[in-house]
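Colleague: Structure of the sequence below:
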Amino acid sequence: MKKVLVLTYYWPPSGGPGVQRILNFCNYLPEFGWQPIVITPRNGTYPVKDESLVKQINPSLKIHTTQTLEVFALYNLLKTGKATKESPVGMSDVIDSASFFQKLSNYIRANFFVPDPRIGWNRFAVAEAARVIRSGEVDAVITTGPPQSTHLIGLKLKKKFKLPWVADLRDPWVNIFYNRYLLRTAKSKRKDQRYENQVLATADRITVVSTGLIEEFSDRAKDITLIYNGYHSADFDHVVPKEMAKDTFHLGYVGSFKPSQNNHNLWKAIAALIRENEDFAKSFALVFVGKAGEGLTRTLSEFGLEKYVQMVGYVGHNEAISYMAGLQSQLFIIPEVDDNKKIITGKLYEYMAVQNQIFSLGPVDGEAAVLLKEFGHDPMLAYQDLEGMKKTLLAQFNRWKDNNRQPVKMGVRPEKYNRRSQTKVLADLLDQLTSGAK
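Modeller: Sure thing, here's the model as predicted:
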C-alpha cells in the first residue's frame, strides 16, 4: 500500500468542518490503496474542540504529533489581558476591534505572522516530516488549509524532497473576506501574495471545495481538482432527532454563527410574523447550536425576540446532527462578504443529508443556491428580501402544521457528495501523480 504524508494543523480534538474533511479523507484512503501518515501539532489553538471526533479516527492511522509555538497566548494577552490559547470564531475579534490594545494586537497578528498566527508550528512540522520522509515511507504529500501557513510546509518539503504534493485549499487565501479588516502594511500584503503564488505554482495539484475557488486560483495554479466537502453517510443513516418542545416550530442554526451572518432583515421578518400571526407567535422558537459571534444576542433583543431564543452553545458533531434532525427548519446563511457566490460550506451538505426544511439566505445566483435547487429545497433568498423571508418562513410553518406538526421531509439526499465518493477522487488523483501521468 502506498503512503501519503498528511500535514494538518486541525485534527481531533479540534472541531469544525475543516477537521471533518481531512479526517474522513484519512479514514477512507486505505480503502483505495493509500495509507495516510498524519503530522499535527500536539496542543494547537482551536476555535472549538470536539472530543467525539477522536473516537472516529481510524485506529490503523499513524499519527505523529509535534511541538508548536503558539502566538495566540501573546495575542490574547494584548486583547483581553489573559494569556489564553483560545482562538476566536469567524475572526470576530478582528472585525470588532475597537480598543487601542485590540488594534495593537490586530497589527501584530497581521504583520508579524504572515500568512497567519499558526506559522509557529511550521519548523516543528518540517523537521518531523523530513524525518518520516527520510525513513523511506512516503510516496506523496498533502497539506490542507486554513491555516494557509501549513502550505508553506509543503512548499519546503517539495523543494527539498521532490515528492508529489497536493495542496488542499478549503478557502480563498489573500482574498479571504476578513483580510480587509486586518491592519496590514503594503509589505505584509505583498509577502502574503508571494506565498500564495509560490504555493499555487509549485504544488503538483491544487484541490478546492467549490468551482468558485477554481476561478480564484486558476490563473496561477498548474492543475486544480474539485473535491467537495460532502457529508459522512454513516452519521445520518440512523440519526435520532433531538427531543425538543412539542408543538413548537424550531428554526435553528447549527454551527458557529459569525458577525457576517447577523442579517437584521431576517430578525425583522420574524418579528413581523410574530406580530401578525398569533398561531406563529405561540408556536415559534429560534435555536442556536454552537458558538455565536459577539452582538447576536444584543441584536435579537433589539428586535424583541429574546423570549423566543434558545442558545444551546457548542456541542459535539454527533449531537449537532441530532439537533439538525430535530429542527422543523434549518437556518442556513451565507456570510455577507465579498465574493460570497463562491461559498459552499460543509454544513449545507449535512443539512441536505438530514432532509428537513432549509431556510436559506445568500446570493441567489451563487453556488449554494444552485445546490439547494438541484436537490429540491426552497430557493435561497436575498439578504434584502424581507417579504420573501416572511413568505417562505410562513410557508414552511404551514407545511409543518399540515403535517400534524411533524418535521417535513424535503428534497433528496445528495448521495454523490458523500465523503467516501469524494475521497476516491483524491485517491485517484494521488494514483495519477505517483504513476507519472498528469
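Colleague: pLDDT score assigned to residue 231?
Modeller: pLDDT for residue 231: 93.
Colleague: Now for it: which residues touch it?
Modeller: 346, 349-350, 352-353, 414, 417-419 (Cβ atoms under 8 Å, 6 or more residues apart in numbering). Placement of C-beta: from N, CA and C, glycine included.
Colleague: Recalculate using a threshold of 6 Å.
Modeller: By Cβ atoms under 6 Å, 6 or more residues apart in numbering, the residues touching residue 231 are 349-350, 353.
Colleague: what's the average pLDDT for stretch 66-77?
Modeller: When pLDDT is averaged along stretch 66-77, the result is 75.
Colleague: same question, stretch 118-126
Modeller: Rounded mean pLDDT across stretch 118-126 is 96.
Colleague: Show the end-to-end separation of that stretch, please.
Modeller: Start-to-end span of stretch 118-126 (Cα to Cα, to the nearest Å) is 14 Å.
Colleague: Which of the contacts of residue 231 fall in strands?
Modeller: If you go by DSSP state E, the contacts of residue 231 have nothing in strands.
Colleague: which among these end up buried?
Modeller: Among the contacts of residue 231, those classed as buried by neighbour count (16 or more other Cβ atoms under 10 Å) are 349-350, 353.
Colleague: Using JSON lines, lay out those together with distance to residue 192 and pLDDT.
Modeller: Listed next are these as JSON lines, based on distance: Cβ to Cβ, whole Å; pLDDT from 0 to 100:
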{"residue": "349", "distance to residue 192": "30", "pLDDT": "95"}
{"residue": "350", "distance to residue 192": "32", "pLDDT": "95"}
{"residue": "353", "distance to residue 192": "36", "pLDDT": "95"}
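Colleague: for the protein, what helix or strand is lowest in average pLDDT?
Modeller: Every helix and strand of the chain was ranked by mean pLDDT, DSSP states H and E. The lowest is helix 92-95, at a mean of 52.
Colleague: and the helix or strand just after it, what does it pack onto?
Modeller: As assigned by DSSP states H and E, the chain's next helix or strand after helix 92-95 is helix 100-112. With contacts taken as 3 or more Cβ pairs under 6 Å, 6 or more residues apart in numbering; DSSP states H and E, helix 100-112 sits against helix 72-80.
Colleague: Okay, now the unreliable bits of the stretch 301-438 of the chain?
Modeller: 436-438 (pLDDT under 70).
Colleague: same thing but at 90, please
Modeller: For the stretch 301-438 of the chain, applying pLDDT under 90 flags the ranges 337-339, 342-346, 406-407, 410-416, 436-438.
Colleague: what do you get for the stretch 51-200 of the chain?
Modeller: Scanning the stretch 51-200 of the chain for pLDDT under 90 picks out the ranges 52, 70-114, 136-137, 176-184.
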